[in-house]
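# quick one: sequence plus predicted model below, questions after.
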Amino acid sequence: MRADDVNDIVKATHTYARGLDLHDPKEAASAFTKDGVWDATAVGLKRFEGEADLIAFFEADAAAVDKQCHIITNHIIDFDDDDRAHGTNYVYAEGEMRNGGAIKAIALNKDVYVRTEDGWKIAERIIEPLTTPQMEGFEV
């Protein structure tokens, strides 16, 4: 059973990335709990809480970014109990902004996961840079 849980958690992290890269804010937000947190203050962005804030941010991202790619890998997941876990994964993100700028970030996602009626979701994601973020033209 635990292997299925790990696969479902990894799928949630990949759903988030695919939603961003395909400019589908609702898909990206679907990886989070209704009260989920996305916090990138460490890379110079903001903290967003709750479904409405997450969707609004992901919509602004979709409008500002022309092309982007998120590669999420190296998942380490530890279970707190049957319905709660925490873990880390690496993200490599690169994008081209509609305003001509370019972004590149290599970071560590520190996540909290919870099991919901709809499966495992990200309850909290705190993004910490592993290299100096390049955020030229990211005006979201």
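Received, thanks.
# show me the helices in the chain, by range?
Along the chain, counting by DSSP state H, helices occupy 2-21, 25-30, 51-64.
# with respect to residue 82, which of those lies nearest?
Across the helices of the chain, the minimum distance to residue 82, taken as CB to CB, is reached by helix 2-21, at 8.5 Å. In short, each C-beta sits where N, CA and C put it, glycine included.
# surely residue 104 and residue 133 touch.
Yes. Residue 104 lies in contact with residue 133 (CB atoms under 8 Å); the separation is 7.4 Å.
# which stretches of the chain have low pLDDT?
1 (pLDDT under 70).
# center of it - which residue?
Ranked by distance to the mean C-alpha position of the chain (CA atoms, centre = their mean), the top residue is residue 16 at 5.4 Å.
# one step back: for the helices of the chain, which one sits closest to residue 122?
Ranking the helices of the chain by their distance to residue 122 (criterion: CB to CB) puts helix 2-21 first, at 5.7 Å.
# helices and strands around the closest one, which ones?
Applying 3 or more CB pairs under 8 Å, 6 or more residues apart in numbering; DSSP states H and E, one finds that helix 2-21 contacts helix 25-30, helix 51-64, strand 65-81, strand 84-97, strand 102-116, strand 119-129.
# dump those to a markdown table, plus mean neighbour count and distance to residue 45.
Formatted as a markdown table, the helices and strands packed on helix 2-21 follow (neighbours: other CB atoms under 10 Å; distance: least, CB to CB, whole Å):
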| stretch | mean neighbour count | distance to residue 45 |
| --- | --- | --- |
| helix 25-30 | 20 | 15 |
| helix 51-64 | 17 | 9 |
| strand 65-81 | 14 | 13 |
| strand 84-97 | 17 | 12 |
| strand 102-116 | 18 | 10 |
| strand 119-129 | 19 | 8 |
